[in-house]
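Student: predicted coordinates and the sequence they were generated for:
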Amino acid sequence: MRLSNLADYAVVTMSAAARHCGGGRTSAAELAAETGLPVPTVQKLVSKLSSAGLLRSTRGTGGGLQLARPAAAITVADIVEAVEGPIALTACVEGAECSVEHECSVRPHWPVVNEALRGALAAIPLTQLARIEEVA
């Protein structure tokens, strides 16, 4: 399994936003500059992440972006699902048609696999990703 570029960029963007916690608000342009991502991409991500309740945007003087909840309460699973939707390794779990559905003995087990994957991503808080490692 590989995350889409947009999901990867969402994790990078949220990590950068988390580093601003306690330091006021930031902007999409600032996040783009910090991450090296194009401004339009970050703006698209900000929209998705705000809709998912992970970022909060305030307009006007002193406005900008900030995390909608503490970084410790946001996980990689939350970020990926904000961009990709529910975490699922196969489309059949989401009701998509499958040519071998009537013969498949594995289909009933995919929800367990998907939940294990989601659980692993949910165990990684944004605080862990936002740490700035000191260079020795």
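Tutor: Yes, it's here.

Student: mind jotting down where the strands sit in the protein?
Tutor: In chain order, the chain shows strands spanning 55-58, 64-67, with DSSP state E as the criterion.

Student: buried sites along the first one?
Tutor: It refers to strand 55-58. Neighbour counts using 16 or more other C-beta atoms under 10 Å place 55, 57 of strand 55-58 among the buried residues. For every residue, glycine as well, the C-beta is placed using N, CA and C.

Student: now do it: distance to the chain's middle.
Tutor: Taking C-alpha atoms, centre = their mean, to the nearest Å, one finds strand 55-58 lying 16 Å from the centre of the chain it belongs to.

Student: tell me the strands beside it, with direction?
Tutor: In the sheet containing strand 55-58, the strands it pairs with under DSSP bridges are strand 64-67 (antiparallel).

Student: start and end of stretch 26-43, how far apart?
Tutor: Distances were taken as C-alpha to C-alpha, to the nearest Å; on that basis the terminal residues of stretch 26-43 are 12 Å apart.

Student: just the residues contacting that stretch, thanks.
Tutor: Counting by C-beta atoms under 8 Å, 6 or more residues apart in numbering, stretch 26-43 makes contact with 6, 9, 12-13, 16-17, 19-20, 46, 64-66, all of which sit outside it.

Student: now the residues you listed as CSV including neighbour count, distance to A52 and pLDDT?
Tutor: Putting the contacts of stretch 26-43 into CSV (neighbours: other C-beta atoms under 10 Å; distance: C-beta to C-beta, whole Å; pLDDT from 0 to 100) gives the following:
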residue, neighbour count, distance to A52, pLDDT
L6, 14, 13, 95
Y9, 19, 15, 97
V12, 19, 16, 96
T13, 27, 13, 96
A16, 20, 17, 94
A17, 29, 13, 94
R19, 17, 20, 90
H20, 20, 18, 85
V46, 21, 11, 96
G64, 17, 18, 88
L65, 22, 14, 93
Q66, 18, 15, 92
